[in-house]
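Peer 1: Quick check, what structure comes out for this input:
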Amino acid sequence: MTASHDYEVITSVRTSIFKGTMRLSSMEAYTKVFHSIHDDITGASELYTLDISELEHLNSAGLSSLARLCVFARENNAPLCFIISESSTWQALRLKSIKKLWNRSEEHTSELQSPDHL
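Peer 2: Residues are numbered from 1 along each chain as shown. Have a look, this model is predicted:
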């Protein structure tokens, strides 16, 4: 578990839950947060779930880092599932953008999944 004043990331087997407000200063700072997720995705064929439903804010560096994580998963054919809050406009909009990144590769066979199977 990683915690600070503004956010918390709880990681368990094949799942990471993000809570609070993430305003880290750079993509490098987010690398530390996403490191264990990156390791879990490497070579994985099982679904990995990223629950951002309790994440109130993610700044541009965090969004870029999340997008990079998704591209990495796509390149490694590792399936991802996002859980978002239906009441959070920013989460729905960003997930649509991430889905576009996911679908950009014609050779990729895995699917980016969400609870409603976007």
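Peer 1: Show me how far the longest strand anywhere in the chain is from its chain's centre.
Peer 2: When the chain is parsed with DSSP state E, its longest strand is strand 48-58. Taking Cα atoms, centre = their mean, to the nearest Å, one finds strand 48-58 lying 7 Å from the centre of the chain it belongs to.
Peer 1: Looking at the following helix or strand past that strand now, give me its mean pLDDT.
Peer 2: Moving toward the C-terminus from strand 48-58, the next helix or strand (DSSP states H and E) is helix 60-75. Mean per-residue pLDDT for helix 60-75: 92.
Peer 1: for helix 60-75, the distance to its chain's centre please.
Peer 2: 7 Å.
Peer 1: For the helix or strand harbouring Glu8, which strands pair with it and how are they oriented?
Peer 2: In this structure, Glu8 is located in strand 7-12 according to DSSP H and E. Using DSSP bridges, strand 7-12 pairs in its sheet with strand 2-3 (antiparallel), strand 15-22 (antiparallel).
Peer 1: thinking again about what came up before, quick one, the longest strand of the chain and strand 15-22 angle?
Peer 2: Put simply, strand 48-58 runs at 10 degrees to strand 15-22, going by axes from the mean of the first three to the mean of the last three Cα atoms, to 10 degrees.
Peer 1: so which of the strands paired with strand 7-12 comes closest to Ile98?
Peer 2: Smallest distance to Ile98 across the strands paired with strand 7-12 (Cβ to Cβ): 14.0 Å, for strand 15-22. Placement of C-beta: from N, CA and C, glycine included.
Peer 1: And stretch 39-55, what's buried?
Peer 2: The neighbour-count criterion (16 or more other Cβ atoms under 10 Å) identifies Asp40, Ile41, Ala44, Tyr48, Thr49, Leu50, Asp51, Ile52, Ser53, Leu55 as the buried residues of stretch 39-55.
Peer 1: Including distance to Asn59, mean pLDDT and mean neighbour count, could the strands paired with strand 7-12 go into TSV?
Peer 2: As requested, the strands paired with strand 7-12 are exported to TSV (distance: least, Cβ to Cβ, whole Å; pLDDT from 0 to 100; neighbours: other Cβ atoms under 10 Å):
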stretch	distance to Asn59	mean pLDDT	mean neighbour count
strand 2-3	16	44	12
strand 15-22	7	96	18
